[in-house]
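J.: Based on what follows, work out the 3D shape:
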Amino acid sequence: MTPIAAKAARLGVPIVTGTDVLDRHGDLLLTELERLVAIGMTPRDVLTAATATSAAAAGRPDAGRLRVGGPA
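T.: Numbering: from 1, shown residues only. The predicted model follows:
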């Protein structure tokens, strides 16, 4: 059985990352990133999901990208 996230990623559905867990959220985000790689996303696609795609989904397309003069 293929996880629905893997199927969605293959179909081009934007994948975002995040957690609503207040304690250990950094650890859980790393686990989420590892799981996205495990379902077949490339490390580059996973980093994009955790940065630019998540920022755009949150209505902040100016954030989540590395560029000169960009927000830290």
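J.: buried residues in the helix or strand bottoming out on mean pLDDT in the chain?
T.: Least confident element among the helices and strands of the chain, by mean pLDDT, DSSP states H and E: helix 25-38 (a mean of 86). For helix 25-38, burial by neighbour count (16 or more other C-beta atoms under 10 Å) applies to E32, L33, L36. For every residue, glycine as well, the C-beta is placed using N, CA and C.
J.: how about those in TSV, adding distance to A9?
T.: Below are these laid out as TSV (distance: C-beta to C-beta, whole Å):
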residue	distance to A9
E32	13
L33	13
L36	8
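J.: which stretch of helix or strand covers the residue lying closest to P61 once chain neighbours are set aside?
T.: Excluding the flanking residues, the one nearest P61 by C-beta to C-beta, 6 or more residues apart in numbering is A55, at 6.4 Å. Following DSSP states H and E, one finds A55 within helix 54-57.
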